[in-house]
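*Asks:* Model the structure of this input:
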Amino acid sequence: MKFFVKPTLVAVAVMAMMGCQEETTAKAVTLETEDQKQAYALGASIGSYMNNNLTEQEKFGIVLDKDLLMAGFTESLNGKAQIEKEEIQKLLMALDQKVNEKKQEQTAIATEKNIADGVAFLAENAKVEGVQTTESGLQYQVLTAAEGAKPMASDTVKVHYKGTLTDGTTFDSSYDRGEPIEFPLNRVIKGWTEGVQLMNVGSKYKFVIPSDLAYGPSGTGPIPGNATLVFEVELLEIIAAAAPKAEAEAAK
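*Replies:* Here you go, the predicted model:
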């Protein structure tokens, strides 16, 4: 979640102290005037940011000593900080770097696992009756056959779809949103561009798309790096391109 205040590294450390004060101080607050509410809202915004920040650090095995956090806050508030500003900045930058390194390590491990899991999933899925594998490695299965036209890569199509990870987790679904989506077929992931061209209007296919035909090592949003993706796609319509003005006039 994004807030309108994004503290600097130094301010983040200070706000962490304020969050820790709640455990040791039961001071009642008054929220009657607009100024009081605004002051509280500012603190709540920064406090929420810090809570998310500290929770994120703990995921990577970095746990800060809250007693020392409180000591740093109270001593600096009274002008008795034991560390100079320049050193504080260096220490906080080092902390930020350590978090990033831990994050990169875990991401690398996870993406390597996704590659292995994807290979295994594709191998098992290839054994399912009716599953076909194209030269690129894309797997497809006809769930509902139809006799409609097939689109070309340059066409715009209207589809309903559901996308899941290999563990069954849904990351996107036009069905859940209650409306289909339209898109140019040559402006989506390679697996979709290739796969939807195999479909007839009115048909429904299941695709298993290797990561190199999807979002690759970087992933996107809820899709992790090197993830093999599973889609159920229903081709509803091929959207005809609007005729150029000159052609339209000639037709008249």
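
*Asks:* Give me the local confidence score for residue 251.
*Replies:* If you check residue 251, the pLDDT there is 53.

*Asks:* Distance check, the residue positioned nearest the centre of the chain against residue 213.
*Replies:* Residue closest to the average C-alpha location in the chain (CA atoms, centre = their mean): residue 221, at 1.7 Å. Applying CB to CB, to the nearest Å, the value for residue 221 to residue 213 is 18 Å. Yep, even glycine has a C-beta here, placed from its N, CA and C like the rest.

*Asks:* and what of residue 113?
*Replies:* Using CB to CB, one gets 19 Å for the distance from residue 113 to residue 213.

*Asks:* out of the two, which sits in the busier spot?
*Replies:* When residue 113 and residue 213 are compared on other CB atoms under 10 Å, the one with more neighbours turns out to be residue 213, at 22 against 12.

*Asks:* got any ranges where this protein has weak pLDDT?
*Replies:* With pLDDT under 70 as the threshold, the chain has low-confidence stretches at 1-27, 73, 241-252.

*Asks:* give me that answer again for 80
*Replies:* When the per-residue scores of the chain are filtered using pLDDT under 80, the ranges that remain are 1-28, 43, 46-51, 53-54, 56, 64-70, 72-74, 76-77, 107, 240-252.

*Asks:* okay, now the domains of this structure?
*Replies:* In the assignment given by automatic domain parsing, the structural domains of the chain cover 9-82, 132-239.

*Asks:* Make CSV out of those domains and add distance to residue 121.
*Replies:* CSV is the format used below for these (distance: least, CB to CB, whole Å):
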stretch, distance to residue 121
domain 9-82, 26
domain 132-239, 4
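
*Asks:* Please identify the most buried of the ones you listed.
*Replies:* Using mean count of other CB atoms under 10 Å, the stretch among the domains of the chain with the largest mean neighbour count is domain 132-239, at a mean of 17.

*Asks:* So which residues of this protein form strands?
*Replies:* Taking DSSP state E to define them, one finds strands in the chain at 132-133, 139-144, 156-165, 170-173, 181-184, 204-209, 229-239.

*Asks:* Can you name the residues that contact the nearest residue to residue 139 once chain neighbours are set aside?
*Replies:* Across the structure, with CB to CB, 6 or more residues apart in numbering as the measure, the residue nearest residue 139 apart from its sequence neighbours is residue 208 (4.1 Å). Contacts here follow CB atoms under 8 Å, 6 or more residues apart in numbering; on that basis residue 208 touches 121-122, 125, 131, 138-140, 228-230.

*Asks:* hmm, 6 Å instead?
*Replies:* When contacts are counted by CB atoms under 6 Å, 6 or more residues apart in numbering, residue 208 touches 125, 139, 230.

*Asks:* What separation is there between it and residue 129?
*Replies:* 14 Å.

*Asks:* Which one of the strands of the chain lies nearest to residue 86?
*Replies:* strand 170-173 (44.8 Å; CB to CB).

*Asks:* Run a quick check on residue 130 versus residue 141, I expect a contact.
*Replies:* Yes: Residue 130 sits in contact with residue 141 when judged by CB atoms under 6 Å, with a separation of 5.0 Å.

*Asks:* and for those two, which residues touch both?
*Replies:* Going by CB under 6 Å, 6+ apart, no residue sits against residue 130 while also sitting against residue 141.

*Asks:* what's the distance between the closest residue to residue 172 other than its chain neighbours and residue 84?
*Replies:* Ranked by CB to CB, 6+ apart and with sequence neighbours excluded, the top spatial neighbour of residue 172 is residue 163, at 4.5 Å. To residue 84, residue 163 is 52 Å away according to CB to CB.

*Asks:* before we move on, what about residue 112?
*Replies:* Counting by CB to CB, the gap from residue 112 to residue 84 is 42 Å.

*Asks:* again with residue 66
*Replies:* Between residue 66 and residue 84 the distance, using CB to CB, works out to 23 Å.

*Asks:* Alright, that wraps it up for me.
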